[in-house]
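A.B. asks: following is a predicted model, sequence given first.
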Number of protein chains: 2
Amino acid sequence: MIKEFLLKYKLWVTKPESALVISFAIVILAGAILLTLPISSTPGNSTSFLDALFTSTSATCVTGLIVFDTGTHFSIFGQVVILTLIQLGGLGIMTFTAIFVWLSKKAYSVQTHYTIQDTFGGDIEKLSIENLLKFIVSATFTIEGLGAAILFFKLKEIYPTGKALYSAIFHSISAFCNAGFSIYSDSLIQFRQSWITLTTIMLLIIFGGLGYPVLFELREKILGKRKKTSFHTKLVLATTLSLIFGGAFFIWLGDHSLTILDSLFQSVTTRTAGFNSVDIGKLPSSSLFIMIMLMFIGGSPGSCAGGIKTTTFSGYLILVKDWFFGEHRKRLFERKLTQETKDKIKSVITLAFSTVVVSFTILLFSEQAIITTYREAFRNLLFEVVSAFGTVGLSTGITSNLSNVGKLVIIIDMFFGRVGPLAIVTSLLFGRRKKKKIDYPEQKIMIG
Amino acid sequence: MIKEFLLKYKLWVTKPESALVISFAIVILAGAILLTLPISSTPGNSTSFLDALFTSTSATCVTGLIVFDTGTHFSIFGQVVILTLIQLGGLGIMTFTAIFVWLSKKAYSVQTHYTIQDTFGGDIEKLSIENLLKFIVSATFTIEGLGAAILFFKLKEIYPTGKALYSAIFHSISAFCNAGFSIYSDSLIQFRQSWITLTTIMLLIIFGGLGYPVLFELREKILGKRKKTSFHTKLVLATTLSLIFGGAFFIWLGDHSLTILDSLFQSVTTRTAGFNSVDIGKLPSSSLFIMIMLMFIGGSPGSCAGGIKTTTFSGYLILVKDWFFGEHRKRLFERKLTQETKDKIKSVITLAFSTVVVSFTILLFSEQAIITTYREAFRNLLFEVVSAFGTVGLSTGITSNLSNVGKLVIIIDMFFGRVGPLAIVTSLLFGRRKKKKIDYPEQKIMIG
Ligand SMILES: [K+]
Ligand SMILES: [K+]
């Protein structure tokens, strides 16, 4: 049925990236209108359309930057709207990625002279689009359910049952979708000592950031249906682990007062989730610059994570190695990158970098209030832009002081960071499909 | 004779980049030893080896970053040492570039199946290496002489003849070599009102930054020997003019109190010379970030300028256009970039960017004193690193407060920014020469 729908309606097949942009825009606008309603705010508070649009974009694009404190400014109704936007945004991204890959596979298989490579496990590529989407939805709710259960038992120790349950569900969804919204004003600083809570949140973030192809392969392995690990999974796991531990080390190096748990948590959350267990504004510039780089890289493709993606990053390292040392047959996991993959890597990085530079330049001109108020305004504005583009949501605390121009720039960054690279990459994938010629075995990896 | 020397000694032919690195290292070390001598400092002052090494590297690499005020800390002897290092460094870069290009041409012509493209005007490629080097030396002294003469007549109005002559020669050499050293503590702020002085300095900087192939072509045109403008010259002039006027506009946009002359002067000087007619530390973050980008781009190849070079920058823009819109026959000046050129562009930019990021990260950890003292330490340190790597020499005023680790990082940045990209690019050029196959008419441009 979904298959028929997809193949029937021209929009999805010829311009899936337009479908993505339009769907997200509609959800964001609907969310903004709901959040502007008086019922969404707590008594005595009201939300202007720009601020509602900011919050709705932040939720739908699973970013987590906030101009109002979620727990005190918004009513339970408003919070449920936000939580729904997060869940729709998170599932939306995974679903669209799946549809894109499935469509491109479909398109490829029409050209009989073109042998598609085993991008993921192979098993997942044999799934029908219905079963693929079913897997995504069931995996999401299973993991979120498990996370919420563990969080509930910890939260019950300090809150009444109803409140603990609501908080557990809210934070589990927000963590798995890598949204970073919290109903607590200080994010998760109050749980700094609770390693069970922080570890649960960390695992939710990590699973939410691995992407559905890796989750599918992990399930196959657990069920004993599969033995060989795919290239994609190897690349994602190797890059993710290196970034988590490398990031934690350098963040700690900047501020020795951080515990191992804080450093690890901040490293995991920085790559896209956006929770914090320490006050970000008080971290030293060294740790913040490491975090800026981690936020730019982000999570893995096919997940709710933002940034240029782990595979793009490691693919770029392979490219750089090739430029300096030449291309040889013996290489990472003994595969070569296809020309198409290389083009995508370069396009995504260039696009991401240009967006950050242009947005940052505009903010340096528009945010005079922040520049005169804050000691390290230059650093804080750069942090804010990268956080928005990487849909991370961490902030040094300047978000609510942004001018209207600044808020609009950040809204565009969040939207672009969420749908932009993927849409661009997809249009490249479609635009170039017919020109491809293959003369040696190559490896295609999933980018953006 | 020079030709025989070059072809006779293996070092120059097989490893010219090692010859470059070794020559510069020897000149820098000799300069550092001379500057450590008591005779180099004014009475009551002394120079440690690290500070002497810093000054010598800064002069030889025509950067202009200073830990001591050149006019008051160093004696006339010390100043003449610095001026000699500047002249050697400036001529050295142009000479080495010429030798590299000449050698690569030589090497190419051995392969008879490979038709070398008309990289520059064509006429300059027919020159023998002796005549090429003679042209470089005579062009340098002619332009520096003319500049010194004009400056002398202006300076005579305020200083006694001897002092005016010395100052005119010092600043003319420093401007043409894009070194940015001044014997005045406030650089050229005292000449802010004198448009003749600032325009003379600007023209010296611009001519010094165009590179010898363009200077040669301009001479041929003036002498009526040539009509057609080469691809290289078109690209250099178009990029240079766009950067000068675009840069001036955005610098002014950040600070409306700047005059047109100030904005133009700062735009010209920022791309590599490093003089200033206004206090850099007092400019707003917006103007400073525009300057950071201009410093990173730098001047044109075959000149004393630093940075990734104008041709690399415009070549990158062409590449980006290709990634997004595909490669078509109709393009900039109707030429295509060769694969070799593309590889060089990507290598130079990646290398430059990585150097800046790594150095900046180290400084964020090592410069605690600056971070606690300055309001915008993050911005100032980034500015300092890019200024050192682009061999620009502008500073927000933090240079003398750098820790020893910081000074070493900046010394390495200056050296690497000067010899690094060129050496790397040359080794790539040599390493890949034999692998090249050509199947369509392509355009080679000079990079790094
Ligand atoms: K987030
Ligand atoms: K300079």
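C.D. replies: Cool, got the structure. Ligands and ions are numbered 1, 2, ... in the order given.

A.B. asks: all contacts plus neighbour counts: C-alpha atoms, from now on.
C.D. replies: Noted.

A.B. asks: list the contacts of the most centrally placed residue in chain A.
C.D. replies: For chain A, residue A:305 is the residue whose C-alpha lies nearest the centre (Cα atoms, centre = their mean; 1.7 Å). Taking Cα atoms under 8 Å, 6 or more residues apart in numbering or on different chains, we find residue A:305 in contact with A:177-178, A:208-209, A:271-273, A:298-299, A:391.

A.B. asks: can you count the residues close to residue A:372?
C.D. replies: Close neighbours of residue A:372, defined as other Cα atoms under 10 Å in any protein chain shown, add up to 10.

A.B. asks: for it, report the pLDDT, please.
C.D. replies: On pLDDT, residue A:372 comes in at 89.

A.B. asks: repeat that for residue A:291.
C.D. replies: pLDDT, residue A:291: 88.

A.B. asks: where does the stretch 1-150 of chain A dip in pLDDT?
C.D. replies: A:1-16, A:100-126 (pLDDT under 70).

A.B. asks: count of neighbours near whichever residue of it sits closest to ligand 1?
C.D. replies: Ligand 1 sits closest to residue A:63 of the stretch 1-150 of chain A, with a gap of 3.6 Å, by Cα to the ion. When neighbours are counted by other Cα under 10 Å, residue A:63 registers 37.

A.B. asks: before we move on, what about residue A:190?
C.D. replies: Neighbour count of residue A:190, defined by other Cα under 10 Å: 12.

A.B. asks: wait, it sits on residue A:277?
C.D. replies: Yes. Under the criterion of Cα atoms under 8 Å, residue A:190 makes contact with residue A:277 at 7.5 Å.

A.B. asks: what about the residue nearest to the centre of chain A, which SS state?
C.D. replies: Here residue A:305 is recorded as coil under DSSP: H, G, I helix; E, B strand; the rest coil.

A.B. asks: which one is it nearest to, not counting chain neighbours?
C.D. replies: residue A:299 (4.8 Å; Cα to Cα, 6 or more residues apart in numbering or on different chains).

A.B. asks: for that neighbour, give me its contacts.
C.D. replies: A:209-210, A:240, A:271-272, A:305-310.

A.B. asks: go through the residues you listed and flag which are in helices.
C.D. replies: Among those, the ones falling in helices (DSSP state H) are A:209-210, A:240, A:310.

A.B. asks: next, format the residues you listed as TSV and append pLDDT and neighbour count.
C.D. replies: Listed next are the ones in helices among the contacts of residue A:299 as TSV, based on pLDDT from 0 to 100; neighbours: other Cα atoms under 10 Å in any protein chain shown:
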residue	pLDDT	neighbour count
A:209	84	32
A:210	86	22
A:240	89	23
A:310	85	31
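
A.B. asks: might one say that residue A:416 is in contact with residue A:389?
C.D. replies: Yes. With contact defined as Cα under 8 Å, residue A:416 counts as touching residue A:389 (7.0 Å).

A.B. asks: what's the burial count for residue A:181?
C.D. replies: 31.

A.B. asks: oh sorry, the question was meant for residue A:346
C.D. replies: Neighbours of residue A:346 using other Cα under 10 Å come to 20.

A.B. asks: for it, give me phi and psi.
C.D. replies: Main-chain dihedrals, residue A:346, degrees, to the nearest 10: phi -70, psi -40.

A.B. asks: avg pLDDT for the helix or strand where residue A:213 lies?
C.D. replies: For residue A:213, the host element (DSSP states H and E) is helix A:212-222. Across helix A:212-222, pLDDT averages out at 84.

A.B. asks: which outside residues touch it?
C.D. replies: Taking contacts as Cα under 8 Å, 6+ apart, the residues outside helix A:212-222 that touch it are A:94, A:120-121, A:124, A:135-136, A:139, A:207, A:226-227, A:229, A:232-233, A:236, A:302-303.

A.B. asks: ok, 10 Å please
C.D. replies: Applying Cα atoms under 10 Å, 6 or more residues apart in numbering or on different chains, the contact partners of helix A:212-222 are A:94-95, A:97-98, A:119-125, A:132-133, A:135-137, A:139-140, A:207-209, A:223-230, A:232-234, A:236-237, A:300-304.

A.B. asks: which parts of the stretch 151-300 of chain A are helices?
C.D. replies: Secondary structure of the stretch 151-300 of chain A, counting by DSSP state H, counting those that start in this stretch: helices at A:161-176, A:195-210, A:212-222, A:231-254, A:260-270, A:285-297.

A.B. asks: for the fourth one, buried residues please.
C.D. replies: The neighbour-count check on helix A:231-254 (16 or more other Cα atoms under 10 Å in any protein chain shown) flags A:231-233, A:235-237, A:239-240, A:243-244, A:246-252, A:254 as buried.

A.B. asks: do the first one as well
C.D. replies: Of all the residues in helix A:161-176, those buried under the rule 16+ other Cα under 10 Å are A:164-176.

A.B. asks: where does the stretch 201-350 of chain A get nearest to ligand 2, residue-wise?
C.D. replies: Residue nearest to ligand 2 within the stretch 201-350 of chain A: residue A:289 (27.3 Å; Cα to the ion).

A.B. asks: do you know how far the residue nearest to that residue when sequence neighbours are not counted is from residue B:158?
C.D. replies: Spatial nearest neighbour of residue A:289, excluding adjacent residues (Cα to Cα, 6+ apart): residue B:361 at 7.3 Å. Between residue B:361 and residue B:158 the computed distance is 45 Å (Cα to Cα, to the nearest Å).

A.B. asks: show me what contacts residue A:247?
C.D. replies: By Cα under 10 Å, 6+ apart, residue A:247 lies in contact with A:241, A:253, A:263-264, A:266-268, A:270-271, A:287, A:290-291, A:293-294.

A.B. asks: now with 7 Å?
C.D. replies: Residues counted as contacts of residue A:247 (Cα atoms under 7 Å, 6 or more residues apart in numbering or on different chains) are residue A:267.

A.B. asks: next one: residue A:382
C.D. replies: So residue A:382 contacts residue A:360 (Cα under 7 Å, 6+ apart).

A.B. asks: would you map the helices across the stretch 301-448 of chain A?
C.D. replies: Ranges of helices within the stretch 301-448 of chain A are A:310-325, A:339-366, A:368-373, A:377-389, A:404-432, based on DSSP H, counting those that start in this stretch.

A.B. asks: any chance of those helices in TSV, with distance to ligand 1 too?
C.D. replies: Shown next, in TSV, are the helices of the stretch 301-448 of chain A (distance: least, Cα to the ion, whole Å):
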stretch	distance to ligand 1
helix A:310-325	16
helix A:339-366	17
helix A:368-373	23
helix A:377-389	8
helix A:404-432	10
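
A.B. asks: and the ones you listed, which is most packed in?
C.D. replies: Highest mean neighbour count among these (mean count of other Cα atoms under 10 Å in any protein chain shown): helix A:377-389, with a mean of 26.

A.B. asks: just give the number of residues close to the residue of the stretch 201-350 of chain A closest to ligand 2.
C.D. replies: Per other Cα under 10 Å, the neighbour tally for residue A:289 reads 22.

A.B. asks: what parts of the stretch 201-350 of chain A come near ligand 2?
C.D. replies: Within the stretch 201-350 of chain A, no position is near ligand 2 by Cα under 5 Å from the ion.

A.B. asks: how about the contacts made by the residue of the stretch 201-350 of chain A found nearest ligand 1?
C.D. replies: Closest residue of the stretch 201-350 of chain A to ligand 1, Cα to the ion: residue A:273 (3.9 Å). Counting by Cα under 7 Å, 6+ apart, residue A:273 touches A:175, A:178-180, A:205, A:392.
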